[in-house]
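J.: Below are the sequence and a predicted model; questions follow.
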Amino acid sequence: VTDAGAVKRLVQACRPDAVIHAQALSNVDACEHDPETAYLQNVQPVKYLCRALQDTPAWLLLVSTDYVFDGRKQAPYTEADAPNPLSVYGRTKLAAEEQALRYPRARVVRPSTLFGVGRMNFCQAVAMALSQGQSILALRDQTTSPTYTQDLAEGIEAVIQAIRRAPDASAPRIYHITNAGACTRVEFATHIAAQLGYSPSLIRPVTRQELGFDAPRPAWSALVSDHFTSLTRRTIRPWYDAVNEYLAQHPWSN
Ligand SMILES: NC(=O)c1ccc[n+]([C@@H]2O[C@H](COP(=O)([O-])OP(=O)(O)OC[C@H]3O[C@@H](n4cnc5c(N)ncnc54)[C@H](OP(=O)(O)O)[C@@H]3O)[C@@H](O)[C@H]2O)c1
C-alpha cells in the first residue's frame, strides 16, 4: 500500500464496492522514533487509495484509533469530541482521517485496544502468562475500551450495509466501534484471571511512567459509539462478555 501504482492496479482489478483500510504502522513507539516512516505508512497509503477510488462508486472505510484523543476528558469520548493526539502515531492517524474524509464516500471507524484471533494481543498474553504461572505487568493508569476484532468486523459490516441503504450526505462520517464499557489493563487482566480460574496475584500493576514508553499514551481513551448506534440501531456487547467468548474459544481455557 505504499506503492501508488500497486494500489491503483489492485482497485482496477478488484472493482470493489467497499474498501476496508486497516493497514497501519501501529507500533506507537516505533512511530515516535521514525515520524517519516510513520507518515509514509499511515497517511500516504490513504492518499493513494482515495486517488485510486475517485472515479469509482466504492465506499472507503478507514480504521483509525482512540489515540487521536489526548485523554484529558477523563470520560468516554464521543464522535463529536475534538481530537488532540499526543503522539506521532496519533497525529499520523488523525492526518489519515482528514485525508480520507476528503473522499466523499469515506467513513472513519475508531476502535480502541484490539484483541482477537490472528495476532498476539494483551488478552492472549495475559492468558498465556497466567496459564504458565508467570507474572504479567499491567498498566493501572490507562483506561480504554477493549475491542474484540470479531465485533469490530461485524460493526464495520453493519456500517457498510447502513450507508449503502441510505447514503445520506449529511450523516455523521466518524463512528466509534468498541465493546461497551471501559477498564484499565489491570481490570482487564483481573477479569481474565477470574474467568480462567487463576489467582490475580500474578498481575503486577505498573504505571506508564514506570514502563518508560517512548511515545506518550492518553490516560483515558475509552470511547462511546453514539453515532454507530444511531446509524445501525445496534449496540455492541460489553467488553467482558466479548473477552469471555474469545477465551472460551482458545486452548488455554479450562
Ligand atoms: N492494536 C490496537 O490495539 C489498535 C487500537 C486502535 C486502532 N488500531 C488500528 O487498527 C488497525 C490494525 O491495527 P493492528 O494493531 O492490528 O495492526 P497490525 O497487527 O500491525 O496489522 C497491520 C496489517 O497491515 C499490514 N501491512 C502493514 N504494512 C503494510 C504495507 N506496506 N502494505 C500492505 N500491508 C501492510 C500488515 O501485514 P503483515 O501482517 O503482512 O505485516 C498487517 O496485516 C490499524 O489501523 C491501527 O491503527 C489498532
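T.: Yep, it's here.
J.: tell me which parts of this structure are close to the ligand?
T.: The chain has residues 1-2, 22-24, 26, 41, 63, 65-66, 93, 111-114, 119 near the ligand, with proximity defined as Cβ under 6 Å from any ligand atom. C-beta here means a position set from N, CA and C on the backbone, and glycine is covered the same way.
J.: which ones among the residues you listed are found in strands?
T.: 63, 114 (DSSP state E).
J.: What segments of the stretch 51-200 of the chain are strands?
T.: Assigned by DSSP state E, counting those that start in this stretch, the stretch 51-200 of the chain shows strands spanning 59-63, 106-110, 114-115, 136-139, 143-144, 147-148, 174-176, 183-184.
J.: Helix or strand for residue 204, just tell me which one.
T.: strand 203-206 (DSSP states H and E).
J.: got the CA coordinates for that strand in PDB?
T.: Extracted C-alpha coordinates of strand 203-206, given in PDB (Å, rounded to 0.1, in the frame of the first residue of the first chain):
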ATOM      1  CA  ILE A 203      -0.800  -9.500  37.900                       C
ATOM      2  CA  ARG A 204       1.600  -6.700  38.700                       C
ATOM      3  CA  PRO A 205       0.200  -3.200  38.400                       C
ATOM      4  CA  VAL A 206       2.500  -0.600  36.900                       C
END
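J.: Which SSE is immediately downstream of it?
T.: Next in sequence after strand 203-206, counting helices and strands by DSSP H and E, comes helix 208-211.
J.: Which neighbouring elements make contact with that following helix?
T.: Judged by 3 or more Cβ pairs under 8 Å, 6 or more residues apart in numbering; DSSP states H and E, helix 208-211 is in contact with strand 136-139.
J.: That concludes my questions; thank you for your assistance.
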